[in-house]
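Enquirer: Prediction below, plus the sequence it came from.
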Amino acid sequence: MKNINYPVNFQFNITTFSNDFVAKDANRNTIAYVKQKMFKLKEDINIYNDETKSKVNYKIKADRWLDFSAAYTFSDEQGIEFGKIARKGWRSLWKATYEIIDNKQEKQYAINEENAWTKVFDSLLGEVPVLGLFTGYFFNPSYIVANNKNEPIVRLKKLPSFFGRKFEITKLGELGEDSNERIMLSLMMMILLERRRG
């Protein structure tokens, strides 16, 4: 996932028991198949090369049991850690806020939800019988990845879709060296967490 052609689309599967999705680039080529292991007290995510699951390219693991302030570490196929994403605890209860940490344990980027009210209305409507099935067409939250100068780099947006299962990532600015993988893995982990929140 080093040379990515944006926009990138995530599409969650609704016919499987696991929390999984396919990521495709602008040319509709599969760049990853993401699968969350079920019934784990600590998040454990495998990122495969494609839907055949013939090769694990990356792993994401939580540093603690289920916790709203956990950090999630990225490792490559050799098991070498090269960064993490950390949820900003109490602040994320209202508005999703995360930090992307590089391999030197320094903050490289921040991810912030653009409008917290969108998620509130999305969650509320989701509780209404029958209407809840169609919330994916009404309220679509988006998230901005910004660098340490607060310049927007990437946007992830939920697209109108049945069961709210489609997301699109668009490039807004220049990425630093060795950033594509870290940003993409961070957004993959974040969307698994945020989609579970509602």
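Expert: Nice, thanks for sending it over. Bear in mind the structure is a predicted one, so any value in this text is a computation, not a measurement.
Enquirer: residue ranges with poor pLDDT in this protein?
Expert: Counting by pLDDT under 70, the chain contains low-confidence ranges at 16-17, 39-42, 65-69, 89-94, 116-139, 162-164, 177, 196-198.
Enquirer: need the helices for it, in chain order.
Expert: With DSSP state H as the criterion, the chain has helices at 91-94, 116-126, 180-197.
Enquirer: now the strands: where do they sit in this protein?
Expert: Across the chain, reading from the start of the chain, the strands by DSSP state E fall at 8-12, 19-24, 30-36, 44-48, 56-62, 71-76, 81-87, 97-101, 107-113, 142-147, 152-158, 166-171.
Enquirer: Please tabulate those in CSV, including the columns mean neighbour count and distance to residue 178.
Expert: Every residue, glycine included, has its C-beta placed from N, CA and C. As requested, these are exported to CSV (neighbours: other Cβ atoms under 10 Å; distance: least, Cβ to Cβ, whole Å):
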stretch, mean neighbour count, distance to residue 178
strand 8-12, 19, 18
strand 19-24, 19, 19
strand 30-36, 20, 17
strand 44-48, 20, 17
strand 56-62, 18, 14
strand 71-76, 19, 12
strand 81-87, 20, 8
strand 97-101, 21, 12
strand 107-113, 19, 9
strand 142-147, 19, 14
strand 152-158, 20, 14
strand 166-171, 19, 16
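Enquirer: Output those strands in JSON lines; the columns should cover distance to residue 182.
Expert: Conversion of these to JSON lines gives the following (distance: least, Cβ to Cβ, whole Å):
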{"stretch": "strand 8-12", "distance to residue 182": "14"}
{"stretch": "strand 19-24", "distance to residue 182": "15"}
{"stretch": "strand 30-36", "distance to residue 182": "14"}
{"stretch": "strand 44-48", "distance to residue 182": "13"}
{"stretch": "strand 56-62", "distance to residue 182": "10"}
{"stretch": "strand 71-76", "distance to residue 182": "7"}
{"stretch": "strand 81-87", "distance to residue 182": "4"}
{"stretch": "strand 97-101", "distance to residue 182": "6"}
{"stretch": "strand 107-113", "distance to residue 182": "7"}
{"stretch": "strand 142-147", "distance to residue 182": "10"}
{"stretch": "strand 152-158", "distance to residue 182": "11"}
{"stretch": "strand 166-171", "distance to residue 182": "14"}
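Enquirer: right, so of those strands, which gets closest to residue 187?
Expert: When the strands of the chain are ranked by proximity to residue 187, the top entry is strand 152-158, at 5.2 Å, counting by Cβ to Cβ.
Enquirer: and that closest one, what other elements does it pack with?
Expert: Using 3 or more Cβ pairs under 8 Å, 6 or more residues apart in numbering; DSSP states H and E as the contact criterion, the secondary-structure elements in contact with strand 152-158 are strand 142-147, strand 166-171, helix 180-197.
Enquirer: Just give me how far the last one sits from the chain centre.
Expert: Right, helix 180-197. Here the centre of helix 180-197 is set off from its chain's centre by 2 Å, with Cα atoms, centre = their mean, to the nearest Å.
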